[in-house]
Every structure is written in structure tokens, then in C-alpha cells.
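Q: here are the coordinates; sequence isn't available:
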């Protein structure tokens, strides 16, 4: 039992977030065409392996990525925009792999804050999981989900997530009263990511499996980054217009 808890420790942050996003009743009464919308992206710091560079509705950029450029300066803002009732179906998020490792598993949480306060009234969410967790991180005898296709999110590559491909699942999990069409806010969270070299990132840290004790997670050095931490950052070499 202790071994199993250690193996799944890499998903603790995601599970904690997900517990705040479970289905509960919610009422809504207004038509929403042309309302101001917001996509609340995480604010990235330099040790993060994956960042969101932009969000588009069809071909229009409605939110740029949010980054800590200088801790003495304000963070990049959330920018309200107007969109019609199909705004989430028409949305695409662009994820950029800043590392020199291939990512084999990525998890993205899409939350609807208008469905609750995250405390006494939990919020609805859609959890998107792409790829396969390395076998070394899985409990012994536990198979990969049968419908989980492998991915290869390459170093310095971009992964485009088209929410229209998942709209039926999003509608089902957004709740019967609050649909994506009438929502005005969407919160996005990233974590965890697993790499082809049997390392993992979650909760702002990198982990590997202890070679001496199968299934035991090891913290990598707090300054560890699988690549050049200074490159592939807004305004730095390699970034360009991602």
C-alpha cells in the first residue's frame, strides 16, 4: 500500500485540483451571445517544461500566454474578449515544450469557475489526458487505459489542442445548467507531464524513479531543468513567435 501511494504521488496536485471540480447542481438564466469571455491561464515561470503561448478563437488570438518576466513587474494580464455561443468549441490552445525531452503524457484541466466557489460548492471541470504514463510510474500489473493513444510531444515543438474535438465530453462534464455556450470564464491548469526518459514534472518540481527502489519517486535537484532554462522564453533565443 505504501509503495502504491509513492508511485501515484506524481498525480497529487492534479487530484487535489480535480476534487474542487466535481459535478454539483447550478442554475443559470441568461442568454450569452456576444458576452465578454475570459480564459484564465496559469502564469509560467522559467522552470516549467510546458507553457501555453496563446489561445485562439478560430484564427483570432484572444489571449496571449502569461509569464513571469521580472518578479518586480506585474504579471501578464487576463484579457477579456467578446465571443459568441460557440466560443469554447472554436477555441484552440497552443502548448510549447521548452525542454529537450519528448513528452509522452500530458494532462490539462479545463475548469468552469461559475459553477461554484471551489469550497462549499465544488466546480465542474473537464480533465483532458493525452498519451501514456511510463510503465515505471504505474503500479505493478496496472495496464494503460485501452483507449489511450500514445503521443510524442517533441522537444521545442508545439501541441495544438482543439477543444471542438472534445466538445461533447466538455458539455457532459460542464453540467446540465451551465453549458460551454453560456459560460463566460474558463480556467486552464497544466500538470503533470511525463517524459520519455522516465522523469516527471508536477507541482513545480521534477521527479524520477529511484533505480534502487522500483516505484519510489525521487526529487531531482531544485535547479534541474531538462534543457536550457534561459532559452525558449519570451524575448529569449529560440522563442520567436510561438
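A: Nice, thanks for sending it over. What you are looking at is a predicted structure, and each value in this text was computed from that prediction instead of being measured. Numbering: from 1, shown residues only.

Q: which residues of this structure fall in helices?
A: Ranges of helices within the chain are 2-7, 12-19, 167-174, based on DSSP state H.

Q: mean confidence for the second one?
A: Just to be clear, that refers to helix 12-19. In this model, helix 12-19 has a mean pLDDT of 43.

Q: for the first one, same thing?
A: Rounded to a whole number, the mean pLDDT of helix 2-7 is 42.

Q: most remote residue from the protein's center?
A: residue 212 (31.4 Å; CA atoms, centre = their mean).

Q: next, give phi and psi for it.
A: phi -90, psi -20 (degrees, to the nearest 10).

Q: report pLDDT for it.
A: 84.

Q: same deal with the one 3 residues further on?
A: Confidence per residue is given as pLDDT, and for residue 215 that number is 77.

Q: what's the answer for the one 5 residues further on, then?
A: Model confidence at residue 220, expressed as pLDDT, equals 95.

Q: renumber starting at 56 from here on
A: All right, first residue 56 from here; so that's residue 275.

Q: any stretches of the protein with poor pLDDT?
A: 56-88, 173, 196, 232 (pLDDT under 70).

Q: in it, which spans are strands?
A: 91-95, 98-99, 105-112, 115-119, 121-122, 136-137, 146-152, 158-167, 179-186, 213-217, 240-250, 254-257, 260-264, 272-274 (DSSP state E).

Q: just put those strands in a markdown table and tack on mean neighbour count and distance to residue 234.
A: All C-beta spots, glycine's among them, are computed from the backbone N, C-alpha and C. A markdown table is the format used below for the strands of the chain (neighbours: other CB atoms under 10 Å; distance: least, CB to CB, whole Å):
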| stretch | mean neighbour count | distance to residue 234 |
| --- | --- | --- |
| strand 91-95 | 17 | 14 |
| strand 98-99 | 18 | 28 |
| strand 105-112 | 20 | 17 |
| strand 115-119 | 16 | 19 |
| strand 121-122 | 20 | 26 |
| strand 136-137 | 14 | 18 |
| strand 146-152 | 21 | 14 |
| strand 158-167 | 22 | 10 |
| strand 179-186 | 19 | 10 |
| strand 213-217 | 14 | 18 |
| strand 240-250 | 21 | 12 |
| strand 254-257 | 23 | 31 |
| strand 260-264 | 19 | 37 |
| strand 272-274 | 13 | 39 |
